[in-house]
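1. kindly generate the corresponding structure for this input.
(one chain, ligands or ions: 2)
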Amino acid sequence: MSAVRENGVIVAIDGPSGAGKSSLTKLLAKRLGYIHIDTGAMFRAVALSAKRAGIASDDDKGLAELCQGLEISFARDGETCRVLANGEDVSSEIRTEEIGLLTSTISARKPVRQALLEMQRRMGAKGGVILEGRDIGTVVFPDAEVKFFLSASAEERGRRRYLELAARGESATLEETIAKVIQRDRQDEGREHAPLKQAEDAVPIDSTSLSIEQVLELMERTVKERLAQGGKG
Ligand SMILES: Nc1ncnc2c1ncn2[C@@H]1O[C@H](COP(=O)(O)OP(=O)(O)O)[C@@H](O)[C@H]1O
Ligand SMILES: Nc1ccn([C@@H]2O[C@H](COP(=O)(O)OP(=O)(O)O)[C@@H](O)[C@H]2O)c(=O)n1
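-> Ligands and ions are numbered 1, 2, ... in the order given. So this is what the prediction gives:
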């Protein structure tokens, strides 16, 4: 069992786009009274900042300098969590599919991963946190007390993302959205640094045919069992 952390255990929720990570992390964090850390939003904030600064996705020197000068923070706004880049609320701008694809490219660069790795470890070190992402259970916190790998079929994840985009008035078709989900999966799984993959000790959950509530019940029960066992199960 890892040493008892000051504020509770560390929960990692990794998985591909549209699996339900953000939805479940928010709900589980509320149930447990834990802090929700959306690491994807951090990578998206870097991508948005790089785009604005005209820094190319393969300009490692420029990206390293950008990350050194970039303060990414989260601010609670009632039920929602705002994402700030150097104090500016970028919560909406980082959520477009254009930024999502650019993020997938930029997040493959080692200087970006190293900079955000250090930030994420500082944010979660004391425990009492749930981090969602691609490499939390494998790279950021390999000793996390509870790890989930949340997935669903590409078709179901594309359908979910399609409904989400349509609700925001974005006019992508279902077929286009499924194709983009698959493209992002391939980029995230195939990169050299911190690829998307299931940690050996992660609890796999396929949410294709499960409701958000069903996934939440499963996750909450698993975490409470681990807490009762004193962390590592
Ligand atoms: N199990 C589920 N069943 C149906 N819809 C879901 C499920 N999980 C998530 N969703 C919906 O799918 C969309 C993407 O979920 P999100 O939590 O953003 O996934 P991720 O963070 O893994 O990309 C959201 O609109 C969410 O409400
Ligand atoms: N821990 C993480 C989180 C996100 N990312 C990258 O950031 C992109 C956007 O992450 P996200 O979680 O916001 O994307 P969705 O899963 O919400 O679609 C992903 O496609 C990954 O390329 C990463 O490399 N490592």
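2. report the contact partners of the spatially most central residue of the chain.
-> Nearest to the geometric centre of the chain sits Gly133, at 2.6 Å (C-alpha atoms, centre = their mean). Gly133 is in contact with 12-14, 21, 39-40, 120, 140, counting by C-beta atoms under 8 Å, 6 or more residues apart in numbering. For the C-beta atoms, the positions are set from N, CA and C on the backbone; glycine is no exception.
3. count of residues packed around Ser211?
-> If you count neighbours by other C-beta atoms under 10 Å, Ser211 ends up with 10.
4. quick one: it from ligand 2, how far?
-> 19 Å (C-beta to the nearest ligand atom, to the nearest Å).
5. what of Gly137?
-> Note on Gly137: its distance to ligand 2, by C-beta to the nearest ligand atom, is 10 Å.
6. kindly report the same for Arg113.
-> For Arg113 relative to ligand 2 (C-beta to the nearest ligand atom), the value is 7 Å.
7. that residue is in contact with Pro195, isn't it?
-> No: Arg113 is beyond contact range of Pro195, at 10.7 Å (criterion: C-beta atoms under 8 Å).
8. count of neighbours near Gly18?
-> For Gly18, the count of nearby residues is 26 (other C-beta under 10 Å).
9. nope, Ile130 is what I was after
-> 31.
10. tell me the phi and psi of the closest residue to Ala85 other than its chain neighbours?
-> Closest residue to Ala85 apart from its sequence neighbours, by C-beta to C-beta, 6 or more residues apart in numbering: Ala45 at 4.4 Å. Backbone geometry at Ala45, expressed as degrees, to the nearest 10, gives phi -60, psi -40.
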